[in-house]
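In: I'd like to go over a predicted model; first the sequence, then the structure.
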Amino acid sequence: MSSMNHDQGSAGDKYWRSLDHLADTPEFQAIVQREFPEHASEMTHPITRRNFLSLMGASLAFAGLAGCRRPVEKIIPYVVKPEEIVPGVAQRFATAMPFGTTAYGLVVTTHEGRPTKVDGHPGHPGSLGAAHAFMQASILDLYDPDRSKTVLKEGKESSWPDFVSAWRDLYAAYIKDQGAGLAVLSGSFVSPTLARLKAEFLKAFPRARWATYEPVSDENIYEGLRLATGATLQPVYRYDRANVILSLESDFLYTGTDSISAARGFSDGRRIKTEQDSMNRLYVAESTFTVTGSAADHRLRLPGSHVAALALAVARALTAEGAVVEGMSGVDVPSGIALEHEWIQAVARDLVRARGAGIIVAGYQQPPEVHALVYAMNRALQNEGSTIIYREIKDAALPNRSDLAALVNDMNSANVTSLVILGGNPAYDAPADLNFEAALSNVRTAIHFSTHADETSRLCLWHVPQSHFLESWGDVRAADGTLSVVQPMVDPLFGAHSSIELLSLLTTGTEVSGYESVRATWSLYLKAANFEHDWRRVLHDGLLADSALPAVSPKVNGAAIAGALKALMAAVSLPGLDNMEIVFRPSASTFDGRYANNGWLQELPDPITKVAWDNVALISATTAKELKLSQGLRDGQNHQPMLRLQYQGREIDMPIWIQPGQADYTVTVALGYGRRAAGRIGDGVGVNTYALRTSTAPYFDGGLRVARLDRTYPIASVQDHGGLETETLASNEIARRAPTVLREASLEQYRKNPDFASNDVVLPGFKGLKDKDGKPVSIYDAHAYDKGYQWGMSIDLNACIGCNACTVACQSENNIPVVGKEQVLMGREMHWIRLDRYYKGSVDEPDVAFQPVACQHCENAPCEQVCPVAATVHDKEGLNVMVYNRCVGTRYCANNCPYKVRRFNFLEFNPGTSGFMQEDSPEILKLVRNPDVTVRMRGVMEKCTYCVQRISSARIAAKKEGREIRDGEVVTACQQTCPTQAIVFGNLNDPESRVARIKQANRDYELLAELNVRPRTSYLARLRNPNPDLEQPVAG
Amino acid sequence: MAQIFPKWSNRVPPLVAAGVLLLGAALTGFFWYYGSPMFTDVGYRPKQPVPYSHKLHAGDLGIDCRYCHVGAEVSPVAMVPPTATCMNCHNLILTQSEKLLPVRESWATGQPIPWVRVHKTPDYAYFNHSIHLNAGVGCESCHGNIAEMEEVQQMQPLSMGWCLDCHRNPDHHLRPASEITKMNWQPPKEQLAFAARIKEERRIAPSEDCTACHR
């Protein structure tokens, strides 16, 4: 293991992919010089050689017997074909995905009634046609083989009728004494039908208790707005109208509520065509590097507990600049905290200049007082009503931690005889100090309603399976209040019931179908005379037009804000080695733990750390140095030192991860790992950090102590896998060439030198000879590629925020397998599109930039020149084609690929595709596959195809109608899902196509253009917009 | 010293060489023919769960292919008809026939009839019926004269080389839209002129790229 290089002077402005890269350790050199990491080529399957030979022998013998006869294959037709289904033709339906206190509209693709792909609904305000990783991956949850399949009583198989009759007995008893002793613990929701049923439930059982709990939620935001205005409000942001944005630890582009519309609006404000245009400016203050932090023009790192003081300082500066902020009278910025006054002044001046066109947004982690102050600041800046509107909240059950605490109190004092847990997994994710497990043992009849028989189910008398949102009726409101009906795509696969159906049963004692309940509610919104027609219209459209809720103008209560702030400021402390700050945040893969059994998400690398299949304790380089901790590659893998985290008498052991840009003396841990009863994917992955989390400090707190442990733990990080070819060069060559890989400039530099992106490319060529097109000559005959469609792609690095949605969309569209942590450790991950993450600058204050890299479809493709069996060739439309049935698996192509985008099936990652080495894989997982894409077997190479199946179907549709393919008709999966519309695909041969016009921009450049491989994918250089007032801009 | 080998042994090496060559050629020829879909697949005629006669229905009664195979013009798959299609007629005709027992059982129980697939392309080859029909390729070109088959059998090898033969030169397989489902169709004398015209009109330019079928 090598120690880190802390010499920041030598880092300078160079780009680096990881700490090992920065230090340029021999281990790093070793890993980048290999095509695949060290163990990737070895046969490490648990099947021994002897077993393997006997299996081979057996299968060969059978092959000999069966080889002459082709296997008999059955065709199973319908008995009665549904009128609207034509076998072989996909259908698309609109629905919506409920998520916390918002919803995302979806368009779901189904094949013969089998949903296979989820995409954003173009007309829905929450998704705008895009889908983030959780939306994309929700389709895999539907087919999770570990979903619970039957009602359980005391852990033993029971049935729904048994449960219904048991509830009827309880119902009769509780209805008599008005529900005394009855309690419901639900997750939060925004659903007219659920809200109606909740009201009816509380009417039927007036003495019953209802608590709503979410481990990660916007509770603090609602609390803060209530503190400031006295009303319960939902903020709706219009980032597209903002010129200056200040984020106080808000990851609004990624983990925040309504992140898609935020990302779209934000990137629209930066989408500039020429150097004449202007773009917005983003300031971020945060403890942990987030996706939003990486998009910042100026990022300030500080402990989460100091954000309040920073907010107050900004408010004071705003007041000094003439925007008088209410709610600060008598509150002083605590002394002893080092705040960057220059930064604060510059931000305040910028915000005041952009009065009415700015946004200050605080993260849900921040306490309510900060949100109250932020409200007052936005009001003082006249942003309210222009870039931010507030609307009343309707039909919602908002999360409330104190309600949960009160419920647990009641349970402990045996005042709760029956508890219905409506979704959620409190035995796993409730605050540790409440000791929910112990409290649950005091409840006589506990009923747990959930998709999996999980940690909580095991402690309850009854477990009732919950259906997936793609198989049940429901309704939701989006962030702006727009109503949608959630319609099922398929009958419940395991006969489960929806929460609407369960709540109906609880309330009335009789079974009512979800469909009837939802329609009953919607008689409120649709006129009775025209109900059927309007209902069908809502189902078809996926939303009720014009149902967004109007903005309200709240009153501000300055005194209340000031009072609360004063108390908060008194509690601010200074972190140090013996008083570190622990920061909890939701995982990018499992969120709060609910997606723990989703293989696509577990294998999806964290956007910043690029760690998959684990959670790590993030610490800064300085903190690591003081703790004498170091990390580094060994045998091509990350072996991370372990740290014991001690907080309020509880402790957990976790591997560390030195995170550039992390605030000193803070330790950030992701929630949602260490599940014990998630299923075959999620069990035992990572460390359960809920064990440290308390109800009083759910997101960050001081008082953490750490101790070094004497062991290490292997972490699967993909950041050094697939390093571009420049990195096999000496360190100084990397420094020279890296800026040509990821090109960026400040807006000012761009204006001075509009051609900066193409300026510094040194094209090779034999004595500078050019061919007839003015391109450097190649030793291979160039094809003209001037007829028909010539496909190409443009990726705008100025829009890309690194959110990983494209990776999951591609996985879903192209049947890409999940390989597991052991395989990722060996560099065998299969993602066709990866997001390279580059740091720039110092270890403590780096910039981060992302670059999505998939097959570039080079016209002079180096892979094609080395394939001995012509398994990878070009087609006439310029696609670099991978022919699976020809591939013999030499991997020469991957070796010769300068972009490192080819993926090899080392093992049978798709069980059942080759005759032998079958693994125990559930059949149901086959249902998620896209029938239009070949499922690859062991031993073949694969890579991005530009979604050739979509090109084919567009071509066939166009030919049938006797026309050309229209521009925009072929949309690749990554392009479709991109929240910021960074990816554009189309026909380069049509000068009017969008992609051809975009490629004319002066920011357009090709990756590794000096190799003269003529890639069809090109990039638009990234821009930053630093404030000239700040002497040492973070970017530049 | 006497000769160890008699004089005729001089002819052994060329004979062995010739033998090896012949054997090699024979082996190659053997596998070329017996290993090809031309031998292994053409003529495949599995027994179906219902002794359905295409000769009777499509030939003698003259029912159009698309009465049952409704997907042919609009979908990648032509579609094997649902039981309901059989019952359209057979709830009135031959209601007691023993041969139709599996159909009536399927209708009564809701369990589909497990037909045996005759024409199969590999999983990695994506054949699309609709685009071929829209281009004017008749059913018969690939499936043979179905109207004369009691039990359907495979008539063409459906191998990649066979597909490419037509993709390279489709002229003899293009028909007017009205003749698509016609069996035993004889191309008119001016077929080549017709093919040239229809190729121009409908922009028929069959792809020879891998991506035409492989995804």
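Out: All right, it came through fine.
In: flag the shaky bits of the stretch 301-450 of chain A, pLDDT-wise.
Out: Within the stretch 301-450 of chain A, no range satisfies pLDDT under 70.
In: one more: chain B?
Out: Within chain B, the stretches with pLDDT under 70 are B:1.
In: which residues of it fall in strands?
Out: With DSSP state E as the criterion, chain B has strands at B:115-116.
In: buried sites along the helix ranked longest in it?
Out: Among the segments of chain B that qualify as a helix by DSSP state H, the longest is helix B:12-34. In terms of neighbour count (16 or more other Cβ atoms under 10 Å in any protein chain shown), helix B:12-34 has no buried residues at all. To be clear about C-beta, it is placed using only N, CA and C from the backbone, and glycine gets the same treatment.
In: any residue of that helix up close to chain A?
Out: No. Helix B:12-34 stays clear of chain A (Cβ under 8 Å from any Cβ of the partner chain), getting no nearer than 9.5 Å.
In: residues in contact with that helix?
Out: Outside helix B:12-34, the residues that touch it by Cβ atoms under 8 Å, 6 or more residues apart in numbering or on different chains are B:39-40.
In: ok, stretch A:873-883 next?
Out: Residues contacting stretch A:873-883 (Cβ under 8 Å, 6+ apart): A:783, A:785, A:787-792, A:855, A:857-859, A:861, A:863-864, A:867, A:870-872, A:941-943, A:945-946, A:948, A:951, A:988, A:1016, B:207, B:209-211, B:214.
In: end to end, how far does that stretch reach?
Out: 8 Å (Cα to Cα, to the nearest Å).
In: roughly how far is it from the heart of the chain?
Out: Offset of stretch A:873-883 from its chain centre (Cα atoms, centre = their mean, to the nearest Å): 32 Å.
In: so how far is chain B from A:Ile658?
Out: To chain B, A:Ile658 is 43 Å away according to Cβ to the nearest Cβ, to the nearest Å.
In: which residues touch the residue lying closest to that residue once chain neighbours are set aside?
Out: The shortest distance from A:Ile658 to any non-neighbouring residue, by Cβ to Cβ, 6 or more residues apart in numbering or on different chains, is to A:Ala624 (4.8 Å). Contact analysis of A:Ala624 by Cβ under 8 Å, 6+ apart lists A:4, A:630-631, A:656, A:658.
In: chain B contacts on chain A?
Out: With Cβ under 8 Å from any Cβ as the criterion, chain A meets chain B at residues A:68, A:70, A:72-81, A:86-89, A:873, A:875-877, A:879, A:881, A:883-885, A:932-935, A:945, A:948-949, A:951-952, A:956, A:959-960, A:962.
In: report the buried members of those.
Out: Among the residues of chain A next to chain B, the ones that count as buried (16+ other Cβ under 10 Å) are A:77-79, A:81, A:86-88, A:873, A:875-877, A:879, A:881, A:883-884, A:932-935, A:945, A:948-949, A:951-952, A:956, A:959-960.
In: any chance of the backbone angles for A:Ser587?
Out: Backbone torsions for A:Ser587, taken as degrees, to the nearest 10, come to phi -80, psi 150.
In: kindly report the same for the one 4 residues further on.
Out: Dihedral pair for A:Phe591: phi 50, psi -110, per degrees, to the nearest 10.
In: list the contacts of it.
Out: Residues near A:Phe591 by Cβ under 8 Å, 6+ apart: A:134, A:216, A:672.
In: and the last one, how many residues sit next to it?
Out: Applying other Cβ atoms under 10 Å in any protein chain shown, we find 30 other residues in the vicinity of A:Gly672.
In: list the contacts of the residue in the stretch 601-750 of chain A positioned nearest to chain B.
Out: Going by Cβ to the nearest Cβ, chain B is nearest to A:Glu603 of the stretch 601-750 of chain A, at 23.4 Å. Counting by Cβ under 8 Å, 6+ apart, A:Glu603 touches A:612-613, A:818-820, A:824, A:829, A:831.
In: what sits closest to the closest residue to chain B within the stretch 151-300 of chain A if chain neighbours are left out?
Out: For the stretch 151-300 of chain A and chain B, the shortest gap (Cβ to the nearest Cβ) falls at A:Trp160, measuring 22.8 Å. Leaving aside its sequence neighbours, A:Trp160 sits nearest to A:Val151 (Cβ to Cβ, 6+ apart; 5.5 Å).
In: so the one you found sits against A:Trp462, correct?
Out: Yes. If you go by Cβ atoms under 8 Å, A:Val151 and A:Trp462 touch, sitting 7.0 Å apart.
In: now do the helix or strand hosting A:Thr521, average pLDDT.
Out: A:Thr521 belongs to helix A:514-522 when assigned by DSSP states H and E. For helix A:514-522, the mean per-residue pLDDT is 95.
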